[in-house]
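Participant: Could you work out the structure for the sequence below:
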Amino acid sequence: MPRATAISTIALVTALPGLALAQETHQWGAKNVPDFEPAFENQTRAPLTPSDYEIQSTEVAGGLVHPWAIEMLPGDGGYLVTERSGNLRQIGEDGTLSDPISGVPEVFNQGQGGLLDVKAGPSFEDDRMIYLTYSKPMGDGMSATAAARGVLSEDMTQLSEVEDIFVQDPPSPTAKHYGSRVVFDGDGHVFVTMGEHSSMDERVYSQDLDKTYGKVARLNLDGSVPDDNPFLDDDAAIDSIYSYGHRNVQGAAIRPSTGNLWTIEHGPAGGDELNLIEPGANYGWPVVSYGEQYSGNPIGSGEAAHEPEGFVEPRYYWDPVIAPGDMTFYEGGMFSDWEGDILIGGLVSGGLVRVALDDSTATEEERIMPQLGRVRDVEVDEDGSLLVATDFPDGAVIRLTTGSGTN
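Facilitator: Numbering: from 1, shown residues only. Now for the predicted structure:
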């Protein structure tokens, strides 16, 4: 990586404060809430550090309607991809796109709703179980985030034995902010992330433990509740809740080096958050935020997260927003300099955003191939290349590889 370039830029802008402000604004864009100060160094705007890779892109499959998630299947099974409109398809290793797989639950295909995440279960090679999240129609224009599982046939044409393992409560009249990602922890549990449906009346439910708005849920693989969840002894709380005070969590991943769950969520105008999830913790929405309302009015108390007590700080935040899709921790040989870094799909920033960590603190950030436009999901393939899903009416799954490079 060209560290000397990054260091010389830092030295220049430090020596000339006026130039520093101009440089910062040019690189990042103007802050929505410039009065907020981060709680610790590099909580936001870590040094922008370009990688020394020549990145090439190749379309794997096109003609997808708002693809939302990609999942790699073991062996020569190719990939699964969801279309928000309600279709689940298989992409062969040669890029062949299947007809829609039958047996997928009916989705509430309005607003931001539809068929969302897909993951192969931890024992897929034995039981062929896959997990889906979707907006579930609940009647009278109401819907809720739901997670289901089912058995994928050997010929990849149908799902059977489909059952919901989680349904958000209560149903919502607002077709926004569903979340939602599925993450396995390797110990027999599955996390499901949820949004709070956005409206001024409903967003406050993120703080209510008797509702599953703005929450991360932790379940056993069959949907039952683990006996060590943090709110089991609270009669007023829903047992599946693992953390709360979230806005719209559309990205989540287990960090391989620690086994900890990290999530990334959409802020309002400013205030996208990268969070290290702790059991029972409150992440502040909508009482505090590093952003503001789209109208320009303050969020909740108008304070940053570190000012009141009782809320967990994001490990990193963006102002202005990147509008994060999914995230993953990179493991692979192709982009070896990125080992252990977080890669995030950017819907507003476009392309990918890379965040390097020292323990749980960011050390650098990079914007990668913004010309790709809206990236909803990013996954690492077996060869270390990256697969991204571009969220457009005529979207695609695209593979990113290195060229010759100079490193």
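
Participant: Quick one: distance of stretch 294-303 to the chain centre.
Facilitator: 24 Å (C-alpha atoms, centre = their mean, to the nearest Å).

Participant: Could you report the separation of the closest residue to N260 other than its chain neighbours from R128?
Facilitator: Once flanking residues are discounted, N260 sits nearest to L276: 6.1 Å by C-beta to C-beta, 6 or more residues apart in numbering. (Glycine included, C-beta is placed from N, CA and C.) Computed as C-beta to C-beta, to the nearest Å, the L276 to R128 distance reads 33 Å.

Participant: hmm, back to that, pretty sure S360 is one of the things the residue nearest to N260 touches, is it not?
Facilitator: Yes. With contact defined as C-beta atoms under 8 Å, L276 counts as touching S360 (5.5 Å).

Participant: wait, what's in contact with the residue nearest to N260?
Facilitator: L276 makes contacts with 260-262, 315, 360, as judged by C-beta atoms under 8 Å, 6 or more residues apart in numbering.

Participant: cool, A30 as well?
Facilitator: P320.

Participant: Now it: which helix or strand?
Facilitator: According to DSSP states H and E, A30 maps onto no helix or strand at all.

Participant: For it, give its distance to D319.
Facilitator: 9 Å.

Participant: Please name the residues that touch R128.
Facilitator: Contacts of R128 (C-beta under 8 Å, 6+ apart): 151-154.

Participant: Worst mean pLDDT across the helices and strands of the chain, which element?
Facilitator: Least confident helix or strand of the chain, by mean pLDDT, DSSP states H and E, is helix 3-15 with a mean of 30.

Participant: Please enumerate the helices of the stretch 51-200 of the chain.
Facilitator: Using DSSP state H, counting those that start in this stretch, the helices of the stretch 51-200 of the chain run over 124-127, 200-203.

Participant: got any ranges where the stretch 51-200 of the chain has weak pLDDT?
Facilitator: Of all residues in the stretch 51-200 of the chain, none has pLDDT under 70.

Participant: how does it look with 90?
Facilitator: 75-77, 93-94 (pLDDT under 90).

Participant: For it, which segments are assigned as strands?
Facilitator: 55-64, 67-72, 79-83, 88-91, 115-120, 129-139, 142-152, 159-167, 182-184, 189-193 (DSSP state E, counting those that start in this stretch).

Participant: Extract the CA atoms of the fifth one and return them as CSV.
Facilitator: Below are the C-alpha coordinates for strand 115-120, written out as CSV (Å, rounded to 0.1, in the frame of the first residue of the first chain):
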residue,chain,number,x,y,z
LEU,A,115,-37.2,-11.2,-0.5
LEU,A,116,-34.0,-10.2,1.4
ASP,A,117,-31.2,-12.3,2.7
VAL,A,118,-30.2,-15.9,2.0
LYS,A,119,-27.7,-18.1,3.7
ALA,A,120,-26.8,-21.8,3.5
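
Participant: Mind listing the strands that strand pairs with, and their directions?
Facilitator: Sheet pairing here is set by DSSP bridges, and for strand 115-120 it gives strand 129-139 (antiparallel).

Participant: what comes up buried for the partner strand?
Facilitator: The neighbour-count check on strand 129-139 (16 or more other C-beta atoms under 10 Å) flags 129-138 as buried.

Participant: related to what we said a few turns ago, from the contacts of L276, pick the one nearest Q158.
Facilitator: L261 (31.9 Å; C-beta to C-beta).

Participant: can you redo the contacts of R128 as TSV with neighbour count?
Facilitator: Formatted as TSV, those follow (neighbours: other C-beta atoms under 10 Å):
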residue	neighbour count
V151	17
L152	25
S153	14
E154	8
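
Participant: for those residues, which one is nearest S199?
Facilitator: Distances from S199 to those, taken by C-beta to C-beta, are shortest for L152, at 35.8 Å.

Participant: how far away is that closest one from D394?
Facilitator: 26 Å.

Participant: go on, H189?
Facilitator: 37 Å.

Participant: Which of the two has more residues huddled nearby?
Facilitator: H189 (18 against 10; other C-beta atoms under 10 Å).

Participant: Would you check that that one makes contact with N220?
Facilitator: Yes. Between H189 and N220 there is a contact at 6.3 Å, judged by C-beta under 8 Å.

Participant: Mind listing the shared neighbours of the two?
Facilitator: In contact with both H189 and N220: P226, using C-beta under 8 Å, 6+ apart.

Participant: helix or strand for the residue nearest to the spatial centre of the chain, which one?
Facilitator: With distances taken as C-alpha atoms, centre = their mean, G251 lies nearest the centre of the chain, 1.2 Å away. Assigning secondary structure by DSSP H and E places G251 in strand 249-254.

Participant: Let me know the average pLDDT across that strand.
Facilitator: Averaging pLDDT along strand 249-254 gives 98.

Participant: And for that strand, what's in contact with it?
Facilitator: Outside strand 249-254, the residues touching it (C-beta under 8 Å, 6+ apart) are 179-181, 183-186, 191, 193-195, 216, 260-266, 324-329, 342, 344-345.
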